[in-house]
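Participant: attaching a predicted model along with its sequence, questions to come.
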Amino acid sequence: LAISFFGGLILDKTVSDPNFEGMAVFTPVINGVGGNLVAIQASRISTYLHLWSVPGVLPYKMRQHWPNPCATFFSSGVNSKSARVLFLLVVPGHLLFLFAINMLQGGHAAITPAFICCYLSAALLQVGILIYTADLIVRLMWRKGLDPDNFSIPYLTALGDLLGTGFLALCFRWLQCFGDANLSVGS
């Protein structure tokens, strides 16, 4: 609840500011994509644990309580492979949504190359953090004997909302400060 509160606070402060007027269109997209991708990864890890272990005991290959982020993304395990695939889906997925928003003229901010680069960087950072956090939280829930499908996903999606909203606000602020000449906020 506290995580969602801070995400909502950021959204409330930015949406009421005319400099962030276009943010309301992009917030559900970045939060929805990040939340869905991390839920898929958490379910994937949970399925692996249900298949290879019993609640409370991590399988041999997952004994580390705090795995290295490189192990989350670059090991040869099936969970790392799915993490890489989900991470690689971020850019084409968001480009598709940005194209749709642009075609429907749904935003109050021009979708410029600078905005696209900033937005995609925020989305990649959000999903990277979420996938690594999913690895940590699912392991923690499993060690405590809790079903990660039921207990980890609400925390992860709330964190995704917080990160997505925060990083998107930073994008708008960065573009405003560094003068994207084509950023037509409020038009």
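Facilitator: That came in fine, so what should we check first?
Participant: going by C-alpha atoms from here, please, whenever you check contacts or count neighbours.
Facilitator: Fine.
Participant: go ahead and confirm C118 touches L170.
Facilitator: No. C118 is beyond contact range of L170, at 9.1 Å (criterion: C-alpha atoms under 8 Å).
Participant: the more surrounded of those two?
Facilitator: With neighbours defined as other C-alpha atoms under 10 Å, C118 and L170 compare such that C118 has more, 18 against 15.
Participant: excluding its backbone neighbours, what's nearest F151?
Facilitator: Excluding its sequence neighbours, the residue lying closest to F151 (C-alpha to C-alpha, 6 or more residues apart in numbering) is M141, at 7.2 Å.
Participant: what are the buried residues along the helix or strand harbouring the one you found?
Facilitator: Per DSSP states H and E, M141 falls inside helix 113-143. Residues of helix 113-143 classed as buried by neighbour count (16 or more other C-alpha atoms under 10 Å): 114-116, 118-143.
Participant: next, give phi and psi for L58.
Facilitator: phi -80, psi 140 (degrees, to the nearest 10).
Participant: all helices of this structure, in order?
Facilitator: Along the chain, the segments classed as helices by DSSP state H run 2-15, 23-52, 69-74, 78-88, 90-103, 113-143, 148-177.
Participant: can you put the ones you listed in a markdown table and add mean pLDDT and distance to L58?
Facilitator: Putting the helices of the chain into a markdown table (pLDDT from 0 to 100; distance: least, C-alpha to C-alpha, whole Å) gives the following:
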| stretch | mean pLDDT | distance to L58 |
| --- | --- | --- |
| helix 2-15 | 68 | 27 |
| helix 23-52 | 95 | 7 |
| helix 69-74 | 92 | 15 |
| helix 78-88 | 96 | 14 |
| helix 90-103 | 94 | 29 |
| helix 113-143 | 96 | 7 |
| helix 148-177 | 93 | 12 |
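Participant: Y60: which of those is closest?
Facilitator: Y60 lies closest to helix 23-52 among the helices of the chain, at 9.4 Å (C-alpha to C-alpha).
Participant: tilt between that closest one and helix 78-88?
Facilitator: Inter-element angle recorded for helix 23-52 and helix 78-88: 170 degrees (by axes from the mean of the first three to the mean of the last three C-alpha atoms, to 10 degrees).
Participant: who does helix 23-52 touch, helix- and strand-wise?
Facilitator: If you count contacts as 3 or more C-alpha pairs under 8 Å, 6 or more residues apart in numbering; DSSP states H and E, helix 23-52 packs onto helix 2-15, helix 78-88, helix 90-103, helix 113-143, helix 148-177.
Participant: among the ones you listed, which comes closest to V54?
Facilitator: helix 113-143 (8.6 Å).
Participant: next, the angle from the closest one to helix 148-177.
Facilitator: Using the same axes, to 10 degrees, helix 113-143 lies at 160 degrees relative to helix 148-177.
Participant: for helix 113-143, packing partners?
Facilitator: Under the contact definition 3+ C-alpha pairs under 8 Å, 6+ apart, helix 113-143 sits against helix 23-52, helix 69-74, helix 78-88, helix 90-103, helix 148-177.
Participant: I appreciate the help and will end here.
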